[in-house]
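Undergrad: Build the 3D model from these lines:
(one chain, ligands or ions: 1)
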Amino acid sequence: MSQFSYKAGVLHAEDAALSAIAEQFGTPTYVYSKAALLANFAAYADACQGRDALVCYAMKANSNLAILDLLARQGAGFDIVSGGELKRVLAAGGDPQKVIFSGVGKSVEEMRLALSHDILCFNVESIPELHRLNEVAGSMGKKARISLRVNPNVDAKTHPYIATGLKANKFGVAFDDALATYRTAAQLPHLDVAGIDCHIGSQLLDDAPLLEALDRLIELIDQLSAEGIELHHLDIGGGIGIDYRVEGEKAPVPVGDYLGRLFAKIDAWRTARHNGKGIKVIFEPGRSIVGDAGVLLTKVEFIKHGEEKNFCIVDAAMNDMARPALYEAWMDMQPVVQRDVATASYDIVGPICESGDWLARDRSLAVEAGDLLVMHTAGAYGMTMASNYNTRGRAAEVIVDGTVPHLVRQREKAEDLYALESVLK
Ligand SMILES: *Cc1c(COP(=O)(O)O)cnc(C)c1O
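TA: The predicted structure is shown next:
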């Protein structure tokens, strides 16, 4: 059930009118529904009920402290990709012992920070990284728990920029090199070989590629076990897609169905080959937790009739939401107030001086200057990819709980943007 729906002709987030939110906080503003966020997390938590499983929210999708706090209270762990993200987890009161650290370029400082907080696991992506982590842990008198991010060479059938599990991608250790790399890791004195992980891509509408990746991880776990290297956890990554409301596109697999099939496969395997002894399962969902829990609220500045196209110029831009410019992503746009004005086809564009600055193309809308629009399904990879291009302060963020909108990030002011700069003496 969407938490964003029309009530008496006005689009609401839960029970708060988006028109009132625009009036109170201005535009552009990201508006999230607390109920949607919690329901999305519950879909994972419910399917994991009674199992040795951990849901580590991939916070690069949306790292607002209020969102981290809400999820941490539900028992979420976090998948981080930088030291900065770890500091956000700590600032939000999250448990560092439920943190896993992914990414191909972890610096010495980031490793030190993560080790000092005794994080659950480093997802290591290369042999040089193994050696660096071993050295850093040794210098601190610690042992680092690691898993290897294996590249299962499965085609996730998604956009090339968000497919990560193919041989040509920069991520992970090649499947054929995995055994040798584990042997190397097992020899290093300051590493504790704990698990295996993969992350094959994002916005997967079907779970078949994920289950195929699972088969490949199982193969490796058994081979390692035969060599006396016992893994304690299996991390299948994130990647489940969400419904961007694209006409004619099939609906994404429900999270509960996917997890049901995944656990059935794991249970059958453990029964057949490990005397029923379980293995901890870790998930790293990002988009499927926050994506449909948020919208981007924006105001129409001008309507411009060009020679070939009509433009609806809004106050949100590619610096606020990069997905269309970056991946040609299709995002659904709707007016906040349903009005009885002429419908026309528009390209919805921002004020930035780039032709790539568009949010949506060829959309039929009944709008006039001064109206409000929302971009749906904007909760993931929206605010976290925002920039200050054109010296535009980043949008405000609001979380709605029932009828009450809570401001969880103030709109940036121009002075904030150059506060760290100085002129030559
Ligand atoms: C981005 C990322 C995720 C989250 O992916 P979603 O498609 O948002 O679920 C999980 N794991 C890793 C390693 C990632 O880089």
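
Undergrad: Which positions in the chain make contact with the ligand?
TA: 58, 60-61, 79, 102, 199, 202, 237-239, 284-288 (CB under 6 Å from any ligand atom). Where you see a C-beta, it was placed from the backbone N, CA and C, and this is true even at glycine.

Undergrad: Would you map the strands across the stretch 301-425 of the chain?
TA: With strands called from DSSP state E, counting those that start in this stretch, the stretch 301-425 of the chain shows them at 310-314, 333-335, 343-349, 358-366, 372-375, 396-401, 404-409.

Undergrad: Can you add mean neighbour count, distance to Ala226 and mean pLDDT and give these back as CSV?
TA: Listed next are the strands of the stretch 301-425 of the chain as CSV, based on neighbours: other CB atoms under 10 Å; distance: least, CB to CB, whole Å; pLDDT from 0 to 100:
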stretch, mean neighbour count, distance to Ala226, mean pLDDT
strand 310-314, 20, 59, 97
strand 333-335, 20, 55, 98
strand 343-349, 18, 57, 96
strand 358-366, 17, 53, 97
strand 372-375, 26, 51, 98
strand 396-401, 22, 50, 98
strand 404-409, 16, 50, 98
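
Undergrad: for those, which one sits closest to Tyr44?
TA: When the strands of the stretch 301-425 of the chain are ranked by proximity to Tyr44, the top entry is strand 396-401, at 19.7 Å, counting by CB to CB.

Undergrad: what's in contact with that closest one?
TA: 3, 13-16, 21, 25-26, 29-35, 37, 64, 66-67, 70, 383, 405-411 (CB atoms under 8 Å, 6 or more residues apart in numbering).

Undergrad: Just the buried ones among those residues, please.
TA: Burial by neighbour count, 16 or more other CB atoms under 10 Å: within those this picks out 3, 13-14, 16, 21, 25, 29-35, 37, 64, 66-67, 70, 383, 405, 408-409, 411.

Undergrad: Please narrow these to those residing in helices.
TA: The helices, defined by DSSP state H, take in Ile21, Phe25, Lys34, Ala35, Leu37, Ala66, Ile67, Leu70 from the buried ones among the contacts of strand 396-401.

Undergrad: circling back: narrow the residues of the chain next to the ligand to those in helices?
TA: Using DSSP H, the residues of the chain next to the ligand in helices are Arg287, Ser288.

Undergrad: And for Phe41, the neighbour number?
TA: 23 (other CB atoms under 10 Å).

Undergrad: hang on, I meant Arg270
TA: Arg270 is flanked by 15 other residues according to other CB under 10 Å.

Undergrad: Show me what the helix or strand containing it is packed up against.
TA: Element membership for Arg270, per DSSP states H and E: helix 255-273. Under the contact definition 3 or more CB pairs under 8 Å, 6 or more residues apart in numbering; DSSP states H and E, helix 255-273 sits against helix 34-48, helix 208-226, strand 280-283.

Undergrad: orientation of it relative to helix 34-48 in degrees?
TA: 20 degrees (axes from the mean of the first three to the mean of the last three CA atoms, to 10 degrees).

Undergrad: Buried residues, helix 255-273. List them.
TA: Quick answer for helix 255-273 (16+ other CB under 10 Å): Val255, Tyr258, Leu259, Arg261, Leu262, Ile266, Trp269.

Undergrad: I'd like those written out as CSV, with distance to Val398 added.
TA: As requested, the buried residues of helix 255-273 are exported to CSV (distance: CB to CB, whole Å):
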residue, distance to Val398
Val255, 26
Tyr258, 31
Leu259, 31
Arg261, 37
Leu262, 35
Ile266, 40
Trp269, 45
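
Undergrad: Which of these sits closest to Arg363?
TA: Val255 (29.3 Å).

Undergrad: For that closest one, which non-adjacent residue is closest in space?
TA: Spatial nearest neighbour of Val255, excluding adjacent residues (CB to CB, 6 or more residues apart in numbering): Ala43 at 4.1 Å.

Undergrad: give the contact list for the one you found.
TA: So Ala43 contacts Pro254, Val255, Gly256, Ser288 (CB under 8 Å, 6+ apart).

Undergrad: please redo it, this time with the cut-off set to 10 Å
TA: Contacts for Ala43 (CB atoms under 10 Å, 6 or more residues apart in numbering) come out as Val55, Ile240, Pro254, Val255, Gly256, Asp257, Tyr258, Leu259, Pro285, Ser288, Ile289.

Undergrad: For Gly260, see how far away it is.
TA: Computed as CB to CB, to the nearest Å, the Ala43 to Gly260 distance reads 11 Å.

Undergrad: Now the common contact residues for the two.
TA: Here Ala43 and Gly260 have Pro254 as joint contacts, going by CB under 10 Å, 6+ apart.

Undergrad: Give me the pLDDT for the nearest residue to Ser2 once chain neighbours are set aside.
TA: Nearest non-adjacent residue to Ser2, counting by CB to CB, 6+ apart: Asp292, 7.2 Å away. On the pLDDT scale, Asp292 is placed at 98.

Undergrad: For the residue nearest to Cys48 when sequence neighbours are not counted, name its beta-bridge partners.
TA: Leaving aside its sequence neighbours, Cys48 sits nearest to Val55 (CB to CB, 6+ apart; 6.6 Å). Counting by DSSP bridges, Val55 is bridged to Phe283.

Undergrad: Val55 reaches Ile100, doesn't it?
TA: No. Between Val55 and Ile100 there is no contact under CB atoms under 10 Å: 11.1 Å.

Undergrad: Overlap of the contact sets of those two?
TA: Shared contacts of Val55 and Ile100, defined by CB under 10 Å, 6+ apart, are found at Gly77, Phe78, Asp79, Ile282, Glu284.

Undergrad: The third one is in contact with Arg149, isn't it?
TA: Think Asp79. No. Contact criterion CB under 10 Å: Asp79 and Arg149 do not qualify, at 11.4 Å.

Undergrad: Could you check which of those two has the larger neighbour count?
TA: Asp79 (31 against 26).

Undergrad: Return the residues in contact with the more buried one.
TA: Residues counted as contacts of Asp79 (CB under 10 Å, 6+ apart) are 55-61, 85, 98-103, 121, 123, 197, 199, 235, 237-238, 282-286.

Undergrad: Kindly report the same for Asp357.
TA: Ile313, Ala317, Met318, Asn319, Ala322, Pro324, Ala325, Val349, Gly350, Pro351, Tyr389, Asn390.

Undergrad: Enumerate every residue touching the closest residue to Pro351 other than its chain neighbours.
TA: Nearest residue to Pro351, sequence neighbours excluded (CB to CB, 6+ apart): Ala317, at 5.8 Å. Ala317 is in contact with 28, 298, 325, 349-354, 357-359, 386-387, 389-390, 392, 395, counting by CB under 10 Å, 6+ apart.
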